[in-house]
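K.L.:
Got a sequence here, can you build the structure:
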Amino acid sequence: MINEEKIALMTKLALYEEKEGKKALPMGKYYKEDYVSLHMVNTVIIATFSYLLILAVIVFSHLEDMMANIANMDIIKLGKDVVIGYVVMLVAYIIISYVVYTIKFKRVRKSLNEYNGNLKKLYNMYSKD
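P.N.:
Next up, the predicted model:
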């Protein structure tokens, strides 16, 4: 005899695995701190690369003016401005990254807990039979 409750639960689990599970199940291997830290490191790398790329574009677009006025430029002030800009941008990206990935992890962890609860229900159903 077919147990409709088992079929409904198995269908629900299969749909979860097919849609959300592809991203959520691998994320379940991490602790929150590890997951957030990993993405923050990725954010630092990408932000650094982006900042250097933007800086290169600005320098190359103003290269002629910079060469003409190189004797009058305050290199130390320019260097401080570049470093301060980098630090400000990096801190902003790290804060945003921390908040976004913490929220994402909590949402996925909640759905994984529901998924695991449904797996336990299914296991218990099969244990009774």
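
K.L.:
Output the contacting helices and strands for the helix or strand Thr11 falls within.
P.N.:
Secondary structure from DSSP states H and E places Thr11 in helix 4-18. Contact here means 3 or more Cβ pairs under 8 Å, 6 or more residues apart in numbering; DSSP states H and E; on that basis helix 4-18 packs against helix 75-128. Where you see a C-beta, it was placed from the backbone N, CA and C, and this is true even at glycine.

K.L.:
what's the offset of the helix it packs on from the middle of its chain?
P.N.:
Averaged C-alpha coordinates place helix 75-128 at 5 Å from its chain's average position (Cα atoms, centre = their mean, to the nearest Å).

K.L.:
give me every residue that touches the residue lying closest to Tyr115 once chain neighbours are set aside.
P.N.:
If you skip the residues right next to it in sequence, Tyr115 has Tyr16 as its closest partner in space, 5.5 Å away by Cβ to Cβ, 6 or more residues apart in numbering. Applying Cβ atoms under 8 Å, 6 or more residues apart in numbering, we find Tyr16 in contact with Ser111, Tyr115, Asn118.

K.L.:
which of these lies closest to Ala92?
P.N.:
If you rank the contacts of Tyr16 by distance to Ala92 using Cβ to Cβ, Ser111 comes first, at 29.3 Å.

K.L.:
List the buried residues for stretch 37-57?
P.N.:
By neighbour count, and taking 16 or more other Cβ atoms under 10 Å as the criterion, the buried residues in stretch 37-57 are His39, Met40, Thr43, Ala47, Tyr51.

K.L.:
Switch the residues you listed over to a markdown table; also include secondary structure and distance to Tyr86.
P.N.:
Formatted as a markdown table, the entries for those read as follows, by DSSP: H, G, I helix; E, B strand; the rest coil; distance: Cβ to Cβ, whole Å:
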| residue | secondary structure | distance to Tyr86 |
| --- | --- | --- |
| His39 | helix | 20 |
| Met40 | helix | 16 |
| Thr43 | helix | 14 |
| Ala47 | helix | 9 |
| Tyr51 | helix | 5 |
